[in-house]
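1. Generate coordinates for the sequence data below:
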Amino acid sequence: MNPKWLVPVLSDIRFWILLFFAVRLFGITDPPIETTHSWRQAFTCMVSRNMVEISANPMYPRTDMPGYNPDIVASEFPAFNFIIFLVARAFGYSHWYGRLINLLISSLGIYCFYLMVRRYYGERTAFFAGVILLFSVWFTFSRKIMPDTFSISMVLIGLWFLTRYLDRNRPEYLLFFFLTGTLGGLSKIPATVILATALIPLFVSRIRIGQRVLTGTALFLSVAVISAWYFWWEPYLLRTYHNQLYFPRSVFQGFQELIDMGFWTVDKFTFVALQSYVGLASFILGFYYAIRNRNKLILVILVLTGGMFFIYMVKAGNVFSNHTYYIIPFVPVMALLAGYGLASLPRPGFSFLLLAGIAVEAILNQYHDFLIKESDQYKVNLESIADQVSEREDLVAVNGGLDPQLIYFLHRKGWSVSDEDLRQPGAVDQMQQAGCKYLFIIRSSFQDTLPYSLVYQQGNVQVYRLARH
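-> Okay, here's the model as predicted:
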């Protein structure tokens, strides 16, 4: 058997994207209770389910844990949630739709990233960069029910449309750039870090002046729409309904928090982003070759996106340092430089060997995230427990703290409070006076006895009816 047919297959980025699309279908229908960031996935599911059950108006995203406030929350524009809603309208609601939607869009985003890099740097650099992005932190987060890789992928798709417009001067490509780029930025404002690279064509003299003017106009309108949501509408939602998802820092506070968390801040770049120290070495190599070869485009991309990303880091403060997914907007830039570094090595065989090392190391560092924690399996039964003791419209409380997981799985609205809150004198009575009818207790963290009627107890779960006896 002649193995030569394998060469074009293995060197085709589409093969690897499709292969690991299939690999990541493992556990695609799992509930959001895996090892990391299941809380953020539960929040996304919560907003999506409320679109199905209450209102699909994307201007008013809704949470299940409003406490004493209305249920509308100041958050990112729920474009990702709205797509989940559309699928749910057709097939009925299920939490895992978001996993598949994110995986589809993120895979397309990687392919568009590859096409753009190939357009400017050739097949070899594009292949290396695309594979590195595929196995980076995107490998796991592209199958989570979160808008992070989704939003960056939408921008990457938009930038590919912009590239096509500049090459072919067809206005429909510019329209598609505006639509997908805007949706990406609306879905998560850090996606504007990548969207900012659309500024570069405005200063390229070989591009016709008319195209530059129209590109600048489309980019301006896109940024205007994104800014209107985050700097006008979202503050309005916060002032009116008092529910907040983000807690931005001042410049001084955020910078100080990044310094105080120095190791974890640096770790996001040295390991978390590419999930590989071989990948980090390739990134450094790419930076070296970009300077040595005076590659202005890569250096401009690095400076432009790096400057914007630093602002984003400062506004996030220690939230950036503590959360893996906050590095995601900068990962395509790091993958580009790493791919350029490998492609610049004089020995192609050694470059492919390093690429294989990056892929293996990254997979070994991330495969655990495909597994569900057995200790959390009880959570998927919370709704059936709640149905035994209460009505769907009853307000409830649960000792979930800031994590929305428990109240999402209860499928009720109300309060998610900390164990310390429950121990405060009068705290439970205050919730009762506000209409809370049942208190769900997860006993693994709270073993106190409360002076209310115990209506359910089994395993890790207790339920109190909030009426003194």
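2. Next up, the contacts around the spatially closest residue to residue 141 that is not a sequence neighbour.
-> Distances taken as C-beta to C-beta, 6 or more residues apart in numbering place residue 149 nearest to residue 141, at 5.1 Å, with adjacent residues excluded. To be clear about C-beta, it is placed using only N, CA and C from the backbone, and glycine gets the same treatment. Taking C-beta atoms under 8 Å, 6 or more residues apart in numbering, we find residue 149 in contact with 102, 105-106, 109, 138, 141-142, 328.
3. Ok, residue 34 next?
-> 144, 369-373.
4. now do 7 Å
-> With contacts defined as C-beta atoms under 7 Å, 6 or more residues apart in numbering, the neighbours of residue 34 are 369, 371-372.
5. What of residue 58?
-> Here residue 58 is in contact with 77-78, 82 (C-beta under 7 Å, 6+ apart).
6. quick one: contacts of stretch 425-434?
-> 68, 397, 415, 421-422, 439, 466.
7. Please save the CA atoms from stretch 387-403 in CSV.
-> Extracted C-alpha coordinates of stretch 387-403, given in CSV (Å, rounded to 0.1, in the frame of the first residue of the first chain):
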residue,chain,number,x,y,z
ASP,A,387,-40.7,19.4,41.7
GLN,A,388,-41.6,17.0,44.6
VAL,A,389,-41.8,19.8,47.1
SER,A,390,-42.7,23.0,45.3
GLU,A,391,-44.3,24.6,42.3
ARG,A,392,-42.2,25.9,39.3
GLU,A,393,-43.2,29.5,40.1
ASP,A,394,-42.1,29.4,43.8
LEU,A,395,-39.2,31.6,44.8
VAL,A,396,-36.4,29.5,46.4
ALA,A,397,-33.0,30.0,48.0
VAL,A,398,-30.0,27.7,47.8
ASN,A,399,-26.5,27.9,49.4
GLY,A,400,-24.7,28.2,46.1
GLY,A,401,-23.1,31.6,46.8
LEU,A,402,-22.1,33.5,43.6
ASP,A,403,-22.1,30.3,41.6
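8. buried sites along that stretch?
-> Of all the residues in stretch 387-403, those buried under the rule 16 or more other C-beta atoms under 10 Å are 389-390, 395-401, 403.
9. From the chain's centroid, how far away is the longest helix anywhere in the chain?
-> If you go by DSSP state H, the chain has its longest helix at helix 97-135. What separates the centre of helix 97-135 from the centre of its chain is 16 Å, taken as C-alpha atoms, centre = their mean, to the nearest Å.
10. Now do the same for that helix: mean pLDDT, whole number.
-> On average, the pLDDT along helix 97-135 is 97.
11. Any buried residues in that helix, and which?
-> 97-103, 105-118, 121, 124-135.
12. other SSEs contacting that helix?
-> helix 13-23, helix 38-53, helix 79-91, helix 148-168, helix 331-344, helix 348-366 (3 or more C-beta pairs under 7 Å, 6 or more residues apart in numbering; DSSP states H and E).
13. For the contacts of residue 149, could you give me a markdown table that also reports distance to residue 258?
-> A markdown table is the format used below for the contacts of residue 149 (distance: C-beta to C-beta, whole Å):
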| residue | distance to residue 258 |
| --- | --- |
| 102 | 28 |
| 105 | 30 |
| 106 | 27 |
| 109 | 28 |
| 138 | 23 |
| 141 | 22 |
| 142 | 26 |
| 328 | 17 |
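14. Which two of those residues have the greatest separation?
-> Within these, 105 and 328 form the most distant pair, 13.5 Å apart (C-beta to C-beta).
15. Let me know the helix or strand that residue 236 is in.
-> Using DSSP states H and E, residue 236 sits in helix 234-241.
16. Now the element after that helix, going C-ward?
-> Criterion used, DSSP H and E; the element after helix 234-241 is helix 251-260.
17. and that following helix, how far out from the chain's middle?
-> Distance, centroid of helix 251-260 to centroid of chain: 23 Å (C-alpha atoms, centre = their mean).
18. Can I get the next helix or strand after that helix as PDB, trimmed to CA atoms?
-> Toward the C-terminus, helix 251-260 is succeeded by helix 262-267 as the next helix or strand (DSSP H and E). Extracted in PDB, the C-alpha atoms of helix 262-267 (Å, rounded to 0.1, in the frame of the first residue of the first chain):
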ATOM      1  CA  GLY A 262       1.900  38.300  39.500                       C
ATOM      2  CA  PHE A 263       2.600  34.600  39.100                       C
ATOM      3  CA  TRP A 264      -0.900  33.800  38.000                       C
ATOM      4  CA  THR A 265      -1.000  36.800  35.700                       C
ATOM      5  CA  VAL A 266       2.200  35.700  33.900                       C
ATOM      6  CA  ASP A 267       1.000  32.100  33.900                       C
END
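19. Now do residue 95: how many residues are near it, please.
-> 23 (other C-beta atoms under 10 Å).
20. now swap in residue 142 and tell me
-> Going by other C-beta under 10 Å, the residues that sit close to residue 142 add up to 29.
21. Same question for the one 3 residues further on.
-> Residue 145 has 27 neighbouring residues, counting by other C-beta under 10 Å.
22. repeat for residue 371
-> So residue 371, with other C-beta under 10 Å, has 12 neighbours.
23. Please list all residues in contact with it.
-> 34-35.
24. So residue 156 sits against residue 112, correct?
-> Yes: counting by C-beta atoms under 7 Å, residue 112 is a contact partner of residue 156 at 4.9 Å.
25. Which pLDDT value belongs to the nearest residue to residue 67 once chain neighbours are set aside?
-> Among residues not flanking residue 67 along the chain, residue 415 sits closest, at 5.1 Å (C-beta to C-beta, 6+ apart). Confidence at residue 415, expressed as pLDDT, is 93.
26. Kindly report the same for the one 3 residues further on.
-> Reported pLDDT at residue 418 in the predicted model: 90.
27. Residue 35 too?
-> pLDDT at residue 35 comes out at 75.
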